[in-house]
Structures are given as C-alpha cells and as structure tokens.
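[1] sequence unknown, structure follows:
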C-alpha cells in the first residue's frame, strides 16, 4: 500500500459522534481511526464493538491508531473489522522484547505496521525498529484530544527520521492545518493525519481538497 497524502482522522468519544464524522468523511479514500482505552490517554474513545457495524459499509482503506497499553490484545478484533494499517505507540510496552513481539504479530497477521512517537519520546528510540516496520507516525501534539496547538519541533523530528532512512514512510498526526501542511511535506513527511481541521469544517471535503492542493 502507498501512503495517502492527507488522511482524515475520526476522533470520537461515542457512537453518535463516530457515525456523524464517518458520514461527513465518506468522500475519503483512506481514514485514520483513533482508539483510546482510557488508560494510555485521559479520554476513552468509542469502542470497537460500537463501530464495527458502521464500518461494514465503509469503502475507505482503514487504519487505526491504538492509544493503549498492550495493543496485541486487540489484534483479533481488528482482523475482523477489515483494518489494514495499525499504528502502535513506542511507549505501549516497557520492554523492548514485548514491543518487537507485538510488531511481528501484527505484521504476520497481514497489517501494515507503524510505530508512533509521542512528543515526549526521543525520535532516536525508533531507529532500531525502522527496518522491521512499514513506517512511523510522529505525534505533533500530546495524544488524546483534538484541537491542540501544533508543536514546532515536529519538523526537526521528521528530519531525524528522514536522515536515518530515506525511504521511510512518515505520517504526522495533530494540529495540522493549511498553515503548516506544506512545510511538513517539504520537511519529509509522506502522510498527514488530520482530525477536527477537516471534520469540524462546514465543508469537510473542500477543506480536505484545500489541504491536498497545498501539499502538491
């Protein structure tokens, strides 16, 4: 699979909010779904059980951002929901061996696997894993809430990954807008996951196209 330049994100705390955003974003060829267990982050998202029926009629390529501890326990559930990409946090496991095991299990199950670095995680920690995964996602906000201010150090974090591995797929998630989207792509990002900036706009598809045009 190739990276999509702009990927709308669904951040939803309940089923009604999820279904509303899913309908608004029906134009998208790829969607990024945030899932939070209420322990790894402050908030808890809508559950997989509540949304799996809604996703059955969704034709978009689906990726899921697991903001959880021990993401491996969700593997079978995700297989049954037609998820194609999974984004696992570096800090989901305290032990390197457990993280490596989880990455391999998701890969063996047919997922594209991306390793996520929150702002407090040194980018260098990801270097040993780059050859074993499909790419990385750099959080440009603290995970767990929408509408946060973009962290300017994100550009240099992208550059560090790009300097380490020229062909690495690099997603960026959080605080993305027309003010910074092109600079992120120019800095080396290959995909931008965009939440409320698209989904909360009165015309989400136009906002999506504006972002896409700005990055090309």
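    Okay, I see it. Just so we're clear, the structure is a prediction, and the values are computed from it rather than from any experiment.
[2] rest of the way, CA atoms for contacts and neighbours
    OK.
[3] dump the residue contacts of the residue nearest in space to the middle of the chain.
    By CA atoms, centre = their mean, the chain has its centre lying nearest to residue 65, at 4.8 Å. Going by CA atoms under 8 Å, 6 or more residues apart in numbering, residue 65 touches 32, 33, 34, 35, 86, 87, 88.
[4] any idea which of these is closest to residue 142?
    residue 34 (13.3 Å; CA to CA).
[5] host element of the closest one?
    For residue 34, the host element (DSSP states H and E) is strand 30-36.
[6] helices or strands up against that strand?
    Where contact means 3 or more CA pairs under 8 Å, 6 or more residues apart in numbering; DSSP states H and E, strand 30-36 is packed against strand 6-10, strand 61-67.
[7] hmm, 10 Å instead?
    Strand 30-36 sits against strand 6-10, helix 15-24, strand 61-67, strand 85-89, strand 191-194, with contacts defined as 3 or more CA pairs under 10 Å, 6 or more residues apart in numbering; DSSP states H and E.
[8] For the contacts of residue 65, which entry has the maximal number of neighbours?
    residue 88 (28 neighbours; other CA atoms under 10 Å).
[9] Now do that residue against residue 8, distance only.
    18 Å (CA to CA, to the nearest Å).
[10] before we move on, what about residue 187?
    In terms of CA to CA, residue 187 sits 20 Å off from residue 8.
[11] Compare the two and say which one has the larger neighbour count.
    Each of residue 187 and residue 8 has its neighbours counted (other CA under 10 Å); residue 8 has more, 26 against 16.
[12] Quick one: residues contacting that one.
    By CA atoms under 10 Å, 6 or more residues apart in numbering, residue 8 lies in contact with 21-22, 25, 27-33, 192-199, 204-205, 208.
[13] What subset of those is buried?
    21-22, 25, 28, 30-33, 192-199, 204-205, 208 (16 or more other CA atoms under 10 Å).
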